[in-house]
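Undergrad: Could you work out the structure for the sequence below:
(2 chains)
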Amino acid sequence: MDLVTPGFGLVFWTIITFLFLLFILRKFAWKPILGAVSDREASIKDALASAEEAKKEMASLQADNQKLLQEARAERESMLKEAREMKAKMIGDAKGEAKAEAEKMIIQAQAAIDAERKSAIADLKGQVAALSVEIAEKVVKSELSDKKKQLGLVDEMLGQATLN
Amino acid sequence: MVNVLQVNSLKSLFLGLAIFFSISAFATAENTLKDSGDDKSFDPKEMIMHHVKDAYGFHLWDWDNHPVSIPLPVILWTDNGLTTFSSSEFHHDYHGEVVVEKNGGKFINLHEKVYQLDAGASTVALDDEGHPKNAHIPIDISITRNVLMLFISALLLILLFTAAARRYKKSENNVPTGIAGFLEPLVVFVRDEIGIPMIGEKKYKRFMPYLLTVFFFIWVNNIFGLIPIFNGANLSGNIAFTMVLAVITFIITTLSGNANYWKHIFWMPGVPVPMKIFLMPIEIIGMFVKPISLMIRLFANITAGHIIVLALMSLIFVFKTVAVAPVSVAFSLFIGVIEIIVTAIQAYIFTVLSALYFGMATEEAHH
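TA: Just a heads-up that it's a prediction; the model follows:
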């Protein structure tokens, strides 16, 4: 029975010691330790949150970059297309112009050739006429020197005239 | 590799402790046999009770058939005022034979309890049950061996944990180094496994100092009880010690009880009126049974461990043959290992249940 009867002395000292211990540890141990632990936990939490934030920011930056890149690519594409079109147009224009010029030149050349030919023909005609007259003169001179021949000629002429 | 080493060294520490404890108990039993002399037979009950209970003077070992102990102050409040003397004045007697005269009073030590002889008596007279007839117990606040262990354990806890707290001040980012690295997981364990789940995220902070103090105080004293050189000072297996802690838990529970808590005791919500009336006395009894169970659980568990080891050792002297010794040592080694686990488990259970009661007292009504 003695074993389960609390002794006064030990109860007294336990109360005093325990309350003293509680007071001292609460002030000099539990508060600093728990404070440090929760501070650290809070800082870890913050660090994790900010890392997450940075990750998100990074992702959005990357998306922006992608967008910019795409835009730049599209712009390059359109510029190239424009340039190609311009080139084609310029070439076409040049071709047209050249063609027109060439045609003009050809026409001019043809005109010149025509004129030359006409003058040449006229010249030729003149010369042929002169030559013919000369030849005729000579022929006539020789032909008319003989009476018979003159009459023959007249006949021939007349024969021809009937045919016509 | 390092982990394996640590585990191994921890294991060997436990084993060593357990073996040491067993051997010490063996020596203790032997001493008691010698003390009782050849004419008396060995009384295991007396030996065990003597070691489980409190004592004046801190008995260390016997040397040359003479007990060696640290004398401790006996402090009494008698009719003549404060009376103090050293426990060595009893000359290791606890059978009421040595009478110490101090401050006009005569004192004897009968089974480690100081009695003051009534006026006129010079020796103690016992009745049939062994209680003194002509002596009474004065108000006794002596520094007994349990009180000494109380002081030592409190001092140890203060030194350990203030040293740990200083570590955080030194480090820049609250990094636990040295002793703080060892103690922080334990503190965090009490917070995360006991405080927060039992009381709740919102209110646990208020109770943390008490829970932490009670956990480490019980644990350290349980461990001290197993250390042989202290001769199994059985502070946490002393009902006075467990009673004080249980009463403090009860006081905190009662003072922090909110309206919801009292409503659950006196007028249980959600049940029919006859049931409410039926439950009220049960709940009121429960209020007191909870701390009483706390008190008895710790006391009984720790004391039982001591008694088992001592009883196993007593077998050798009961059978009067050394052939039983291997069995006794093996069994008490086994019990010793279990007791080492029990030191932590009992501290944990006491703290968890205290926290649970605080949680019940502060729980908000939920519908």
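Undergrad: Helices of the chain, start to end?
TA: I'll assume chain A. A:8-25, A:31-143, A:147-163 (DSSP state H).
Undergrad: that answer is for a different chain, and I need it for chain B
TA: Using DSSP H, the helices of chain B run over B:2-36, B:44-52, B:145-170, B:179-189, B:196-199, B:204-226, B:239-256, B:259-266, B:273-319, B:325-362.
Undergrad: closest to residue B:74 out of those helices?
TA: helix B:145-170 (11.1 Å; CB to CB). Glycine gets a C-beta too; all of them are placed from N, C-alpha and C.
Undergrad: Report the buried residues of that closest one.
TA: B:145-150, B:152-154, B:157-158, B:160-162, B:164-168 (16 or more other CB atoms under 10 Å in any protein chain shown).
Undergrad: Which ones among those also lie next to chain A?
TA: B:146-147, B:150, B:154, B:157-158, B:161-162, B:164-165, B:168 (CB under 8 Å from any CB of the partner chain).
Undergrad: Check the burial of the nearest residue to residue B:107 once chain neighbours are set aside by counting its neighbours.
TA: Nearest residue to residue B:107, sequence neighbours excluded (CB to CB, 6 or more residues apart in numbering or on different chains): residue B:100, at 4.7 Å. The tally of other residues near residue B:100 (other CB atoms under 10 Å in any protein chain shown) stands at 19.
Undergrad: mean pLDDT lowest for which of the helices of chain A?
TA: Among those, helix A:147-163 carries the lowest mean pLDDT, a mean of 78.
Undergrad: Next, the angle helix A:31-143 makes with that helix.
TA: 130 degrees (axes from the mean of the first three to the mean of the last three CA atoms, to 10 degrees).
Undergrad: tell me what helix A:147-163 is packed against?
TA: helix A:31-143 (3 or more CB pairs under 8 Å, 6 or more residues apart in numbering or on different chains; DSSP states H and E).
Undergrad: spatially speaking, which residue is in the middle of chain A?
TA: residue A:80 (1.4 Å; CA atoms, centre = their mean).
Undergrad: need the contact list for the nearest residue to residue B:169 once chain neighbours are set aside.
TA: Spatial nearest neighbour of residue B:169, chain neighbours left out: residue A:32 (7.0 Å); criterion: CB to CB, 6+ apart. Contacts for residue A:32 (CB atoms under 8 Å, 6 or more residues apart in numbering or on different chains) come out as B:165, B:168-169.
Undergrad: what does residue B:257 give?
TA: By CB under 8 Å, 6+ apart, the contact list for residue B:257 reads B:361-362.
Undergrad: just the one 3 residues further on next, same as before
TA: Taking CB under 8 Å, 6+ apart as the definition of contact, the neighbours of residue B:260 are B:363-365.
Undergrad: Could you count how many residues lie near residue B:211?
TA: Neighbour tally, residue B:211, other CB under 10 Å: 25.
Undergrad: check contacts around it.
TA: When contacts are counted by CB under 8 Å, 6+ apart, residue B:211 touches B:190, B:194-195, B:351, B:354-355.
Undergrad: okay if I get the residues you listed as a markdown table plus pLDDT, distance to residue B:332 and neighbour count?
TA: What follows is the contacts of residue B:211, written out as a markdown table (pLDDT from 0 to 100; distance: CB to CB, whole Å; neighbours: other CB atoms under 10 Å in any protein chain shown):
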| residue | pLDDT | distance to residue B:332 | neighbour count |
| --- | --- | --- | --- |
| B:190 | 94 | 31 | 25 |
| B:194 | 94 | 31 | 23 |
| B:195 | 93 | 36 | 29 |
| B:351 | 96 | 28 | 27 |
| B:354 | 95 | 31 | 28 |
| B:355 | 95 | 34 | 26 |
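Undergrad: Now distance to chain A too, for those, in JSON lines please.
TA: JSON lines is the format used below for those (distance: CB to the nearest CB, whole Å):
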{"residue": "B:190", "distance to chain A": "10"}
{"residue": "B:194", "distance to chain A": "13"}
{"residue": "B:195", "distance to chain A": "10"}
{"residue": "B:351", "distance to chain A": "14"}
{"residue": "B:354", "distance to chain A": "13"}
{"residue": "B:355", "distance to chain A": "15"}
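Undergrad: contacting residues around residue A:40?
TA: Contacts of residue A:40 (CB under 8 Å, 6+ apart): B:173-175.
Undergrad: and if you look at residue B:338?
TA: The contact partners of residue B:338, taken as CB under 8 Å, 6+ apart, are residue B:305.
Undergrad: so residue A:7 sits right up against residue B:243, yeah?
TA: No: look at residue A:7 against residue B:243 with CB atoms under 8 Å: they stay out of range, at 10.1 Å.
Undergrad: Which one of these two is surrounded by more residues?
TA: Each of residue A:7 and residue B:243 has its neighbours counted (other CB under 10 Å); residue A:7 has more, 25 against 22.
Undergrad: Now do the more buried one, the pLDDT please.
TA: pLDDT at residue A:7 comes out at 85.
Undergrad: Dihedrals phi and psi, the residue nearest the centre of chain B?
TA: By CA atoms, centre = their mean, the mean C-alpha position of chain B lies nearest to residue B:236, the distance being 1.1 Å. The phi/psi pair for residue B:236 (degrees, to the nearest 10) reads phi -70, psi -10.
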